[in-house]
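Asks: with the input below, show me the fold.
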Amino acid sequence: MNRSLLILIALLWWDPSAVAAETVQSARRGMVATIQPIATRAGLDALRSGGNAIDAAIACALTLGVVDSHNSGIGGGCFMLIRLADGRLFALDGRETAPARATRDMFLRNGKADPALSQDGALAVGVPGELAVLAQASQRFGRLPMRSLLEAAARVAEDGFPIDRHYAGRLLDTQGRLAASTEACAIFLKGDGRPFIAGEVLRQRDLAASYRAIATNGVDWFYRGGFAKRTADWMRSHGGLLDEQDLSGYRVIDRDPVRGSYRGFDLVSFPPPSSGGVHVVEILNILEPYDVNSLGDRSADFVHLVAEAMKLAFADRAKWLGDPDFTPVPRGLISKAYAGDLSRRIRMDRATPVTAAGTPPAADTDVFRRESNRHTTHFATADADGNWVACTASLNTSFGSKVVIPGTGILLNNHMDDFAAQPGIPNYFGLVGAEANAVAAGKRPLSSMSPTFVLKDGKPILSIGAAGGPTIITQTVLAILRTLDFGADPAAALSGGRFHHQWKPDELHIESRFDPTVIEELRRRGHRVVVEPSIGAAQAIGITLQDGFTGAADPRSEGRAEGY
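Replies: Residues are numbered from 1 along each chain as shown. This next block holds a predicted model:
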């Protein structure tokens, strides 16, 4: 029996009792996994009402914009990866774009990048794309009217919901910056300026009214109607660049997914301007020559090997990745031959310094095509007909730009910070970039969002993605490794210890759940180790031997997987 078949059999036999019932479920007709139980139930309600996985994903996204609004919402962007029942694959790019009046040096003051300008306030806002993706997905692939999904989410916003400990923690951490915005303060802080605490009810009546305006008038209300006008007026009076033409001109781009393979399984992930798909494939290509399974996923050898592969890929990210409509992104980054060259640079006895990016084959000519036309959240849905969705959505940092357009309840993103404000200068997440990711009018900033499918014989066996800035890429890689190399079910794949290396800063971040002797051995090999209590949050859906589904929400969160 070949290795890939053995691995597939292993991952189909799983024990849900190993993880709390709130985070993992099994079912036959459909499955939903999100970071918030209310959003999971919204997706499940859509399935039970005759909707498919696409409808369920839209319901999740709209509800997460209410109950997980520090992470995502219609004022932000998303990448939606879809596999239809007939096997067709779609990658809907709803990434924000820079306003038409954006300039290369807009965040420089006295010749230096000012991070406050790209992280909070009017200049930090990119043109939102999430709502456009949801509307297009609904029209092209859904079964339920989107207005019914909007109304269901509006009721949650109007009636209110008890915030969980993660939401309360974000409010506490961001209290001072929220207080600087009159509108945000009125929604997310109490009358005396204190943040809500876990268990207290948060109501968002203006957001409910906005959802109902979209339900009645369509997405034109957002991109060409009342919201567009209010946003343009607010931006003009607060020094912003985004205007009505930016909103009316926004377009979803239908991209070709990134394709790769690992140990006989097919990988399908998101293409640039996501760096996620490219580097998930690149890292796995680097690791493929190694007998990863023999190392054990808790050993210093495993952590060292995978971290070295991460480091090499992130060095390439810094130089080569950007919006393919503005800069050539080499397809050679996902070449097996190129990965083999990088793989041979790894030494198992010590950390190897990576001084610069590599040069993939045909870097200037064979490029991803141009198109004509702990932050963030990931969710996954699947139905019995064979439709699967993996979607990652984001406002960027907690509560985005902290800008709420008056009277709308809609919180806007700060994804302009994902551009390289100045070559070599790190953004909020410590990531550095080059000219490939410089600010330009109409350009989409580089992202780490990595919604990914693993297929066997053309059929999905795993849907995976994560939240957490650049750790999204490494969380996704680790979940795939634990599934395909170690035969883990989705729950075990998500509960395993995590680590992350992004080249610069030259630090290996690792969860404290690893044995201290492992951490000490990594230091001995030359890694600068930073121990973290927790890294990221991922959601996954897999399959069972009985042609059903298994779903898992990250045990580090208060999320839920649920099916029927």
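Asks: first vs last residue of stretch 547-564, how far apart are they?
Replies: Taking Cα to Cα, to the nearest Å, the first and last residues of stretch 547-564 lie 13 Å apart.
Asks: that one: which residues count as buried?
Replies: By 16 or more other Cβ atoms under 10 Å, the buried positions in stretch 547-564 come out as 548-563. All C-beta atoms are positioned from the backbone trio N, CA, C, and that covers glycine.
Asks: ok, now stretch 149-159?
Replies: In terms of neighbour count (16+ other Cβ under 10 Å), stretch 149-159 has its buried residues at 149-154, 156-158.
Asks: identify the residues contacting it?
Replies: By Cβ atoms under 8 Å, 6 or more residues apart in numbering, the surrounding residues in contact with stretch 149-159 are 38, 42, 45-46, 55, 58-59, 62-63, 65-67, 138, 203-205, 207-209, 211-212, 214-215, 409.
Asks: tell me which of those residues fall in helices.
Replies: If you go by DSSP state H, the contacts of stretch 149-159 have 38, 42, 45-46, 55, 58-59, 62-63, 65-67, 138, 205, 207-209, 211-212, 214-215 in helices.
Asks: can you select the buried ones from those in PyMOL?
Replies: A single PyMOL command is used to select the members of the ones in helices among the contacts of stretch 149-159 judged buried by 16+ other Cβ under 10 Å:
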select buried, resi 38+42+45+46+55+58+59+62+63+65+66+67+138+207+208+211+212+214+215
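Asks: stretch 68-75: how far from the chain's middle?
Replies: In terms of Cα atoms, centre = their mean, to the nearest Å, the centre of stretch 68-75 is set 12 Å apart from its chain centre.
Asks: list the contacts of that stretch.
Replies: Counting by Cβ under 8 Å, 6+ apart, 34-36, 39, 61-62, 64-66, 78, 128, 130-131, 134, 167, 170-171, 174, 204, 207, 222, 375-377, 393-395, 398-400, 410-413, 467 sit against stretch 68-75.
Asks: after the helix or strand of the chain with the lowest mean pLDDT, which helix or strand is next? Please name it.
Replies: Of all helical and strand segments in the chain, the minimum by mean pLDDT, DSSP states H and E falls on helix 3-12, at a mean of 39. Scanning forward in sequence from helix 3-12 by DSSP states H and E, the next helix or strand is strand 24-27.
Asks: let me see the mean pLDDT of stretch 408-415.
Replies: Across stretch 408-415, the average pLDDT comes to 98.
Asks: tell me how far the ends of it are from each other?
Replies: By Cα to Cα, the extent of stretch 408-415 from end to end equals 20 Å.
Asks: can you mark which positions in that stretch are buried?
Replies: Quick answer for stretch 408-415 (16+ other Cβ under 10 Å): 408-415.
Asks: which of those residues sits closest to Val280?
Replies: Closest to Val280 out of these is His415 (20.7 Å), distances taken as Cβ to Cβ.
Asks: can you give me the strands for the stretch 451-564 of the chain?
Replies: For the stretch 451-564 of the chain, the strands defined by DSSP state E, counting those that start in this stretch cover 452-456, 459-467, 499-500, 508-511, 529-532, 537-543, 549-553, 560-563.
Asks: export these as a markdown table, with columns for distance to Phe188 and mean pLDDT.
Replies: Converted to a markdown table, those look like this (distance: least, Cβ to Cβ, whole Å; pLDDT from 0 to 100):
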| stretch | distance to Phe188 | mean pLDDT |
| --- | --- | --- |
| strand 452-456 | 32 | 98 |
| strand 459-467 | 19 | 97 |
| strand 499-500 | 29 | 98 |
| strand 508-511 | 29 | 98 |
| strand 529-532 | 26 | 97 |
| strand 537-543 | 21 | 96 |
| strand 549-553 | 24 | 96 |
| strand 560-563 | 23 | 94 |
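Asks: could you export those as CSV, including distance to Glu244?
Replies: Below are the strands of the stretch 451-564 of the chain laid out as CSV (distance: least, Cβ to Cβ, whole Å):
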stretch, distance to Glu244
strand 452-456, 36
strand 459-467, 31
strand 499-500, 40
strand 508-511, 42
strand 529-532, 43
strand 537-543, 36
strand 549-553, 39
strand 560-563, 39
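Asks: of the contacts of stretch 68-75, buried ones?
Replies: By neighbour count, with 16+ other Cβ under 10 Å, the contacts of stretch 68-75 hold 34-36, 39, 61-62, 64-66, 78, 128, 130-131, 134, 167, 170-171, 174, 204, 207, 222, 375-377, 393-395, 398-400, 410-413, 467 as buried.
Asks: in strands, which of those residues fall?
Replies: Under the assignment DSSP state E, these contribute 34, 78, 377, 393-394, 467 to strands.
Asks: tell me which two of those sit farthest apart.
Replies: Across those, the longest distance by Cβ to Cβ is 14.1 Å; it joins Thr34 and Ser394.
Asks: do a quick rundown of the helices in the stretch 51-200 of the chain.
Replies: Along the stretch 51-200 of the chain, the stretches classed as helices by DSSP state H, counting those that start in this stretch are 53-67, 115-119, 130-141, 146-159, 165-179, 182-188.
Asks: now do the fourth one and helix 53-67, the angle between them.
Replies: Put plainly, it is helix 146-159. With axes from the mean of the first three to the mean of the last three Cα atoms, to 10 degrees applied, the angle from helix 146-159 to helix 53-67 works out at 20 degrees.
Asks: state the mean pLDDT of helix 146-159.
Replies: Mean pLDDT, helix 146-159: 98.
Asks: restrict it to CA atoms and write it as CSV.
Replies: C-alpha atoms of helix 146-159 as CSV (Å, rounded to 0.1, in the frame of the first residue of the first chain):
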residue,chain,number,x,y,z
MET,A,146,-28.5,37.3,0.2
ARG,A,147,-31.1,39.7,1.7
SER,A,148,-32.3,36.9,4.0
LEU,A,149,-28.7,36.3,5.2
LEU,A,150,-28.3,40.0,5.8
GLU,A,151,-31.5,40.2,7.8
ALA,A,152,-30.5,37.3,10.0
ALA,A,153,-27.2,39.0,10.8
ALA,A,154,-29.0,42.3,11.3
ARG,A,155,-31.1,40.8,14.0
VAL,A,156,-28.0,39.6,15.9
ALA,A,157,-26.6,43.2,15.7
GLU,A,158,-29.8,44.8,16.9
ASP,A,159,-30.6,42.3,19.7
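Asks: all set now, cheers.
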